[in-house]
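J.: Structure, please.
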Amino acid sequence: MANLCEIVTCNDTLDVDDPKNNRGPWSKACAHVAKRPIQTCGCFTATLAVCIPLLVIACSGKIYLARDQQAVLTERHQPKRVVNGPGYVTFDPFRVKAEVKPALLLSELSYVHVRDSVLGVKKAVAGPGLFFPGMRHALPSAHACHHL
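T.: As a prediction, the model looks like this:
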């Protein structure tokens with residue numbers, strides 16, 4: 001049995017003006033003719049149905065975030081978005097810019113002072129744990145606690 005996408009070459013010995021020629025005026029001029037046009041069309045459609053999604057997936061942005069990382073996604077004319085790890089982050093690389101930042105590891109005797117740059121509210125975050133700064137937080141530095 002022939003392949004669904006098999007293409008055969010035309011017989012160049014047939015004359016276009018021959019009344020016994022049932023192939024029409026293109027029999028001599030054609031280089032390749034589909035033997036089964038419906039099956040060939042189906043094969044082409046199936047190939048496109050597989051290749052286009054794979055191309056979209058290959059061109060899409062994908063970042064793996066570790067436990068102590070966060071991704072800052074910036075899209076033009078949109079607010080920034082923050083995604084904390086661990087896990088995958090997918091985005092459109094043609095419209096979105098991604099930046100990976102580390103989280104602050106706070107020990108048992110450390111803390112950070114965080115100020116919201118929009119509202120001006122200050123707060124203290126104590127360890128132990130990971131601190132992921134938000135989009136509106138100024139980048140803090142960790143401080144050590146003093147024993148009393």
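
J.: and Pro53, which of the three is it?
T.: Following DSSP: H, G, I helix; E, B strand; the rest coil, the label given to Pro53 is helix.

J.: Same check on Pro133?
T.: Going by three-state DSSP: Pro133 is coil.

J.: quick one: it and Pro102 touch, right?
T.: No - counting by Cβ atoms under 8 Å, Pro102 is not a contact partner of Pro133; they are 10.2 Å apart. Just so you know, the C-beta spots here come from the backbone N, C-alpha and C atoms, and that holds for glycine as well.

J.: Of those two, which one has the most company?
T.: When neighbours are counted by other Cβ atoms under 10 Å, Pro133 and Pro102 differ, and Pro133 comes out ahead with 18 against 12.

J.: Tell me how far that one lies from Leu65.
T.: 15 Å (Cβ to Cβ, to the nearest Å).

J.: who touches the most centrally placed residue in the chain in this structure?
T.: The C-alpha lying nearest the average C-alpha coordinate of the chain belongs to Ser60 (Cα atoms, centre = their mean; 1.9 Å). By Cβ atoms under 8 Å, 6 or more residues apart in numbering, the contact list for Ser60 reads 90-93.

J.: Ser117 too?
T.: With Cβ under 8 Å, 6+ apart, Ser117 has these contacts: 136-138.

J.: where do the helices sit along this structure?
T.: 37-59 (DSSP state H).

J.: low-confidence ranges in it?
T.: 1-35, 58, 139-141, 143, 146-148 (pLDDT under 70).

J.: The same query, at a cut-off of 90, please.
T.: 1-63, 68, 76-82, 84-85, 90-96, 101-148 (pLDDT under 90).

J.: domains in it, as residue ranges please.
T.: Structural domains annotated on the chain: 7-57, 60-102, 104-144, as defined by automatic domain parsing.
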